[in-house]
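# Return a 3D structure for these sequence lines:
(one chain, ligands or ions: 2)
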Amino acid sequence: MSSTANKLEYTPEVAAVTAPIRERVKDVIPDVEWAIHAPLIARINELKQERNATLVVHNYQTPEIFHGVADYTGDSLGMARYGADTDADVILVCGVRFMAETAKILSPDKTVLLPDMDAGCSLAASITGADVRRLRKQYPGVPVVAYVNSYADVRAEVDICCTSANAVEVVESLNTDRVIFVPDGYLGQYVASKTDVEIINWEGACEVHERFTGDELRGYRKDFPGIEVIAHPECPPDVLAEADFVGSTSGMIRYVGEHRPEKVVMITECSMSDNVAVEYPDVNFIRPCNLCPHMKRISLPKILRSLQTLSPQVELDPELGLRAKQSLDRMLEIGRSAESR
Ligand code: 13P
Ligand code: SF4
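Ligands and ions are numbered 1, 2, ... in the order given. This next block holds a predicted model:
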């Protein structure tokens, strides 16, 4: 029996085991909350050894998950690559369902857990495989690119997937004049602004990023002179036009690490700034709070329960999974150099 099993109290033993993590997150998690998180973190970290499980954590997860229990943290592309290469028997995804589906598609023989199956995504919900079949009839011979914020039935119908980190490279890799791009209309418009390829767009939107406005960004510049504004490409065009840098969540984090701005605002989901502030205490983060309700369904108690019960598991029809894998594999083959954008 492991030392902290069945004890979910903040004992001196738990405090000692979690002390290095506490030190890292002390500026973003208050003491009163830490006393609740620490026993869960200690037990989860024990249990993942016992289960030979790996925790793959998206950049939008809260700091106690991101810094407390992750084996890998990153954007959708990094999560996909890590999940495809891991030797673990169990992949537990702290993110949303399309991310867990990516892990299952790439590792069909592994147990893939998502602590809350209701962790959805407004983009993924905006389109189905039948919609893609209709688009193909409407535009015969035009290849279809699917942003990975989509489910397996969509990925099974498209030529290739992309993420926010490699969307332009993926579109250009097809060597064609026109592509159909689904389901993020704003990301599609951003790609169109970076390439000569004509983009036929599906008008899905991220409910978090579509709320930002150009006026809001101009307000930050006025209120905080000298601030650097960095934005995710799921934002509307007037927002991206105001940004100093546009990139995937990991690209944004890398930008902060490389530029060390005195003041910065990350135009994306709000946990990102808390997570990155831990690494860069010298940077002043202005933190607008647009929260993704789907990402926030994942919590330490749900992660613990998921590891204890090995549920809920992502299950996919094997034939559908195989078809979806082709479009992901094509992306992983051509996109290897693009992760840093
Ligand atoms: P990234 O791949 O850039 O992390 O984006 C995923 C996502 O859901 C953004 O809203
Ligand atoms: Fe989907 Fe937007 Fe949430 Fe990302 S932030 S998971 S795109 S709803």
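
# same for the host helix or strand of Val256, what does it pack against?
Val256 is located in helix 249-259, with elements delineated by DSSP states H and E. Counting by 3 or more C-beta pairs under 8 Å, 6 or more residues apart in numbering; DSSP states H and E, the packing neighbours recorded for helix 249-259 are strand 228-231, strand 245-246, strand 263-267, helix 271-279. In short, each C-beta sits where N, CA and C put it, glycine included.

# Try it again at 7 Å.
strand 228-231, helix 271-279 (3 or more C-beta pairs under 7 Å, 6 or more residues apart in numbering; DSSP states H and E).

# got the residues of this protein near ligand 1?
Asn59, Asp75, Ser76, Asn149, Thr163, Ser164, Cys206, His232, Glu234, Ser248, Thr249 (C-beta under 6 Å from any ligand atom).

# Neighbours of the third one, how many?
Each residue near Ser76 was counted by other C-beta atoms under 10 Å, and the total is 26.

# Roughly how far does the residue nearest to it when sequence neighbours are not counted sit from Ser173?
Spatial nearest neighbour of Ser76, excluding adjacent residues (C-beta to C-beta, 6 or more residues apart in numbering): Thr163 at 4.5 Å. Thr163 sits 14 Å away from Ser173, taking C-beta to C-beta, to the nearest Å as the criterion.

# neighbour-wise, which of those two wins?
Counted by other C-beta under 10 Å, Thr163 and Ser173 do not tie: Thr163 has more neighbours, with 26 against 17.

# Show the pLDDT at that one.
Per-residue pLDDT puts Thr163 at 95.

# phi, psi of it?
Phi and psi for Thr163, reported as degrees, to the nearest 10, are phi -120, psi -180.

# List of residues touching the lengthiest helix in the chain?
The single longest helix within the chain, with elements called by DSSP state H, is helix 31-50. Residues external to helix 31-50 that are found in contact with it (C-beta atoms under 7 Å, 6 or more residues apart in numbering): 2, 4, 7-10, 14-15, 17-18, 21-22, 29, 55, 64, 68-69, 300-301, 303-304, 307-308.

# The following helix or strand past that helix packs against which elements?
Later in the chain than helix 31-50, the nearest helix or strand by DSSP H and E is strand 53-58. The helices and strands touching strand 53-58, judged by 3+ C-beta pairs under 7 Å, 6+ apart, are strand 72-74, helix 76-85, strand 90-94.

# go with 6 Å
helix 76-85, strand 90-94 (3 or more C-beta pairs under 6 Å, 6 or more residues apart in numbering; DSSP states H and E).

# Need the residues that contact the helix or strand where Lys137 lies.
In this assignment (DSSP H and E), Lys137 forms part of helix 129-138. Residues outside helix 129-138 that contact it (C-beta atoms under 6 Å, 6 or more residues apart in numbering) are Val144, Asp153, Val154, Glu157, Ile180.

# Could you do stretch 8-19 as well?
Ala35, Ala38, Pro39, Ile41, Ala42.

# Which residues belonging to it are considered buried?
Leu8, Tyr10, Val14, Val17, Thr18 (16 or more other C-beta atoms under 10 Å).

# average pLDDT for that stretch?
On average, stretch 8-19 scores 96.

# again, but for stretch 330-338
75.

# cool, stretch 48-61 as well?
98.

# How about stretch 319-327?
Mean pLDDT, computed over stretch 319-327, is 98.

# Let me know how buried the closest residue to Ala70 other than its chain neighbours is, in neighbour terms.
Spatial nearest neighbour of Ala70, excluding adjacent residues (C-beta to C-beta, 6+ apart): Val57 at 3.8 Å. Residues near Val57, counting by other C-beta under 10 Å, number 26.

# So which of the helices and strands packed on helix 249-259 is the most surrounded?
Of all these, strand 228-231 has the most neighbours on average by mean count of other C-beta atoms under 10 Å, namely a mean of 22.

# need the next SSE after it, C-terminal direction.
helix 237-241.

# how about the CA coordinates for that next one, as PDB?
What follows is helix 237-241 as a C-alpha-only set of coordinates in PDB (Å, rounded to 0.1, in the frame of the first residue of the first chain):
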ATOM      1  CA  PRO A 237      -9.500  39.400 -37.800                       C
ATOM      2  CA  ASP A 238      -9.800  42.900 -36.200                       C
ATOM      3  CA  VAL A 239      -8.300  41.400 -33.000                       C
ATOM      4  CA  LEU A 240      -5.400  39.700 -34.900                       C
ATOM      5  CA  ALA A 241      -4.800  43.000 -36.800                       C
END
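
# counting contacts, what elements does it pack onto?
Using 3+ C-beta pairs under 6 Å, 6+ apart, helix 237-241 is in contact with no helix or strand.

# List the buried residues of that helix.
Those would be Val239, Leu240, for helix 237-241 by 16+ other C-beta under 10 Å.

# residue contacts, Ala146?
Per C-beta under 6 Å, 6+ apart, neighbours of Ala146: Val154, Arg155, Val158, Cys161, Val182.
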